[in-house]
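Asker: One predicted model, sequence on top.
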Amino acid sequence: MFFKEKYKNYVMYGGLNKMDKLKKALPFIIPPLAVLLIMGFAFYRHGLYPFGDGTVSWCDMSQQVIPLLTDFKDIFSGKDGMFLNFHNAGGMDLWGVFFFFIASPYTLLVLFVDKADIIYLVNILTVLKMMTAAVTAQIYFRSCQKKLDPYIGAVLSVIYAFCGYGMFYYQNNIWLDMMYLFPLLMVAFRELFEKKRIIPYTVMLTLMMIVNYYISYMIVVFIMIFMALCCWRYRKEEKYKDVPCRFVIGSLLGALLSAVVWIPCFLQFLSSGRSKSVIQQLETASFITNYNTTFCLLLSTASVIVIVAVFLLDGKKRSKRLNTDLIMLFLMLVPILIEPANLMWHTGSYMSFPCRYAFITIFFALICAGYFLSSENAVAKGKKHCDHFVIFLILAALIYGFYNFSEGFVENNRDGMSKYTKSLWQDSTAFELCLEFFIVAAAFYTVIVLLHKKGWISKKIFAIFLAMFVAAESYANVNIYMVSPSVNNPQRAANHQKIMDLSDRLDETEGFYRVKTASKLFEVNLVGSMGYNSLSHYTSLTSRDYMYMMKQLGYSSYWMEVGSYGGTELTDALLSVKYLIEKSTGSADAVYSNDTYEIVPTEYYLPLGIVTDADLSGSEELSTGTRSNVQKKLFEQLFGGNGDELITDYEYTTIYGVQDDSNFKPNYTLTTTSDVAYMDYSIDVTDKQTLYFDCFDKLSNSLSEDINGSFMVTVNGQVMQMDYPSQSSNGLLKLGEFENEHVNVRVTLKKGITGCRSYGVFGLHHNVLEKTLEQVQTAGLTDSDGKLSGSVNAKAGQKCVLQIPYQEGLKIKVNGKAVSYDKVFGDLVSFDLQEGENTITVTSVPKGFYAGLALTIAGIALTAGYFFIRKKLKFGETMESAALAAVIGAGAIVIIVVYIAPCILNIYS
């Protein structure tokens with residue numbers, strides 16, 4: 001009887017306890033589960049992995065994120081280094097790149113996936129990060145808006161996960177990490193204000209600085225403005241007097257703790273090709289943003305716009321906290337409309353993705369929506385006939401109608417609405433379609449919001465039907481922005497698999513060598529992803545000096561992308577290129593091939609580390625003038641050969657419809673005088689030569705050059721390139737290898753060119769190059785885990801030219817002793833050798849790394865010290881007043897610099 005009573009009590013009260021736990025947990029379980037179900041349904045309907053071969057990858061995800069994830073996998077397994085990575089840009093510091101693109105805890109999942117399958121893994125990573133965003137948003141609502149119904153909070157959290165920011169920018173996958181961290185930062189602010197706790201804020205600031213230091217710039221701008229606003233509005237309330245002091249301490253600790261990341265990364269950014277004049281950008285920018293794109297991003301979250309608008313217009317009194325958040329929301333909306341402010345939110349410039357901070361804007365809209373929906377003044381009490389069956393029927397009919405409308409509208413207008421997924425910008429047609437969809441969705445949302453506001457439906461019913469509408473809208477947005485890339489290119493993943501099939505097909509025991517491509521066959525970062533040392537690279541941290549050197553040597557490059565295609569046999573040999581990837585031709589020389597690509601050896605190759613007794617004084621930069629002249633001078637300065645014997649510049653033999661005003665070289669000016677305009681080069685080739693055509697203007701990182709599309713080039717009647725130069729092909733154009741034959745080259749001028757720096761046809765003589773390279777002594781350095789090593793016997797006064805990019809963080813040792821080194825030939829390295837045997841090692845540490853590490857260690861010590869004295873810490877009235885003035889003053893300066901001054905400069909420029 002005793003045991004029976006015990007069992008009865010256990011079942012009754014134990015069961016109730018479990019039900020209570022489940023009830024409390026359910027609002028946290030629903031948001032990520034809803035995200036998973038909606039995403040899973042969309043993937044299933046359209047054959048995306050894991051239900052098919054489709055991938056969400058496109059643009060930056062294909063160009064940068066996936067290749068860098070594979071690089072991380074190689075680094076983790078010891079196949080290459082982080083500080084000196086030879087799979088990218090000839091030998092690059094990837095520390096800043098890692099913390100720009102992939103410093104997410106979810107990145108570790110690549111360790112469990114084959115390289116070729118990472119293109120499928122990104123589907124899973126995207127879903128996981130969106131689920132995490134839903135969870136962190138709900139953590140905010142349950143922590144900071146306790147009056148809000150937990151299930152309404154759950155719906156708002158799902159809205160955040162599927163907001164326009166995630167839909168538009170998920171391809172930069174690390175930005176989703178910042179998106180899910182932001183709600184936790186807002187929780188940390190509450191802890192700072194209400195509980196005087198500094199550590200949560202310090203931890204969140206540190207985490208965000210580490211995960212993505214670039215978006216963290218925008219976080220810092222937001223923090224400065226938000227804290228100034230809050231401190232100003234609550235300056236007279238006694239309980240908040242010490243908050244500015246605590247904020248300053250927490251900010252300093254966060255800056256110190258993350259210094260090992262942001263200091264070297266910031267220094268690397270300054271040396272990249274991306275840095276531009278902020279003043280010039282502001283002066284030339286439009287005053288209004290590209291609203292076709294920026295507004296579409298906001299309109300993709302119709303639910304929250306309707307909620308805020310309906311409650312904002314009711315004229316009822318609002319709390320001080322809500323008004324503060326509304327002011328912040330307004331400040332976050334301004335740059336979405338005003339371009340000068342928008343530019344400053346992006347560090348002064350951007351090429352695309354014009355609202356990279358918009359997760360802050362959207363979350364503040366959700367914060368305001370949460371306060372509105374939990375306000376007793378704004379929402380009427382339930383009426384007598386609340387939740388009437390007739391209302392259920394009406395809402396059910398509306399749900400059914402909205403789902404059918406959205407499904408049909410998206411499928412019928414996919415091409416128009418998804419313009420962004422093809423060009424990174426929406427056009428007027430896309431904007432009109434998105435606006436039409438928004439108006440219909442907003443009408444449905446308005447009905448349900450008003451029914452709740454007027455008390456005709458309860459909170460629970462409102463939450464249920466709001467969730468249904470949100471699910472339909474979210475599915476539509478996923479269909480437009482995540483499914484469309486797969487629909488537009490269903491073979492993307494399969495093609496990627498063919499490319500990655502080339503991985504690890506070469507002998508690693510052959511010493512140090514690089515692999516290049518014959519043209520832009522695929523994304524340039526993928527050569528390194530295969531596990532091969534590569535000259536190619538594309539991220540925002542591509543070195544300016546390296547990019548310009550490669551352009552001058554004749555390789556193709558635009559924006560921040562440097563390709564390995566272009567150049568000549570001389571430059572390929574110089575840069576230790578030993579293998580070439582090209583379209584499959586069935587070549588007998590192919591080392592490996594599949595049905596699309598093959599890998600063949602190059603004709604000439606030099607191991608790493610060229611030993612020379614040449615006088616390299618004055619060789620810091622490559623010579624100016626034509627790119628054929630660059631080849632000549634390089635050959636003479638480094639190898640002591642005769643440049644005119646190696647390179648022959650050919651003059652045209654016939655000119656028709658072209659006025660040549662190029663007497664004032666090195667600037668070439670060609671003008672068309674008739675509809676048909678061309679220049680013919682009739683060349684008798686005796687010894688073996690490779691012929692090249694060149695048209696090159698200036699060193700820049702422009703997306704497009706004025707000279708692009710100036711020429712059509714044919715050789716013996718065969719078209720070599722219809723539009724040269726172009727974005728994807730602006731290096732030296734290889735016309736072919738010839739021997740003992742007559743060659744006719746016709747260069748058709750499609751438009752006039754003015755002030756062109758380099759132009760013409762030239763030939764490279766193989767016998768001269770071969771004879772010279774046979775006599776070159778090299779150190780034969782090899783690479784292992786980001787370190788170069790080797791040995792060579794040298795004569796007195798000889799130098800070693802190391803064919804890797806110059807970095808200030810390089811550590812070169814000869815016979816165990818550190819030696820100084822110089823920059824040569826634009827961006828290569830040279831250092832002195834000793835007479836006799838020289839054992840050489842080369843490593844690298846990012847510039848500013850040790851300083852950052854010291855500050856981080858200091859930050860750890862200070863944070864630990866603060867933790868022990870936090871309860872005893874008191875601030876005097878003078879310190880509190882000074883901190884308040886400093887925080888408000890700093891915020892005011894940020895508003896002037898980011899909002900006011902740029903607009904004034906733009907208007908009066």
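Answerer: Cool, the structure landed. Numbers count the residues shown, from 1 in each chain.

Asker: Straight-line length of stretch 653-670, end to end?
Answerer: Using Cα to Cα, to the nearest Å, the end-to-end distance of stretch 653-670 comes out at 16 Å.

Asker: Likewise for stretch 702-722?
Answerer: For stretch 702-722, the first-to-last residue distance is 21 Å (Cα to Cα).

Asker: from the chain's centre, how far out does that stretch sit?
Answerer: Centroid separation for stretch 702-722 versus its chain: 30 Å, with Cα atoms, centre = their mean, to the nearest Å.

Asker: got the contact list for it?
Answerer: 351, 558-559, 691, 693, 695-698, 723-727, 729-730, 733, 735-736, 743-753, 756 (Cβ atoms under 8 Å, 6 or more residues apart in numbering). For the C-beta atoms, the positions are set from N, CA and C on the backbone; glycine is no exception.

Asker: Show me what counts as buried in stretch 24-32.
Answerer: If you call a residue buried by 16 or more other Cβ atoms under 10 Å, then stretch 24-32 has these buried ones: Pro27, Phe28, Ile30, Pro31, Pro32.

Asker: Helix or strand: which one has the fourth one?
Answerer: Taking DSSP states H and E as the criterion, Pro31 maps to helix 15-46.

Asker: buried subset of the contacts of stretch 702-722?
Answerer: Among the contacts of stretch 702-722, those buried by neighbour count (16+ other Cβ under 10 Å) are 558-559, 691, 693, 695-697, 724-727, 729-730, 733, 735, 743, 745-749, 752-753, 756.

Asker: so Val761, which of the three states?
Answerer: Secondary structure assignment for Val761 (DSSP: H, G, I helix; E, B strand; the rest coil): strand.

Asker: Walk me through the domains of the protein.
Answerer: According to automatic domain parsing, the chain comprises the domains 14-46+103-488, 642-772.

Asker: so of those domains, which one's packed in deepest?
Answerer: Comparing those by mean neighbour count (mean count of other Cβ atoms under 10 Å), domain 14-46+103-488 ranks first with a mean of 19.

Asker: so how far is that domain from its chain's centroid?
Answerer: For domain 14-46+103-488, the distance to the chain centre is 20 Å (Cα atoms, centre = their mean).

Asker: same question for it, mean pLDDT?
Answerer: Average pLDDT, domain 14-46+103-488: 94.

Asker: Pull the residues that contact stretch 194-208.
Answerer: With Cβ under 8 Å, 6+ apart as the criterion, stretch 194-208 contacts 178, 181-182, 184-185, 187-189, 191-192, 215-216, 219, 223, 242-243, 246-247, 249-251, 253-255, 257-258, 863, 866-867, 870.

Asker: Let's test this: mean pLDDT of the host helix or strand of Gly790, rounded?
Answerer: Per DSSP H and E, Gly790 falls inside strand 787-794. For strand 787-794, the mean pLDDT works out to 96.

Asker: C-terminal to it, what's the next element?
Answerer: Using DSSP H and E, the helix or strand that follows strand 787-794 in sequence is strand 799-802.

Asker: Give me the mean pLDDT for that following strand.
Answerer: On average, strand 799-802 scores 98.

Asker: mind exporting it as CSV, just the C-alpha atoms?
Answerer: Only the C-alpha atoms of strand 799-802 are listed here, as CSV (Å, rounded to 0.1, in the frame of the first residue of the first chain):
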residue,chain,number,x,y,z
LYS,A,799,71.3,36.6,-53.4
CYS,A,800,68.2,34.4,-53.3
VAL,A,801,65.1,35.7,-55.0
LEU,A,802,62.2,34.0,-53.3
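
Asker: who does it touch, helix- and strand-wise?
Answerer: Counting contacts by 3 or more Cβ pairs under 8 Å, 6 or more residues apart in numbering; DSSP states H and E, strand 799-802 packs against strand 608-612, strand 787-794, strand 828-832, strand 836-844.

Asker: Nice, that's everything, thank you.
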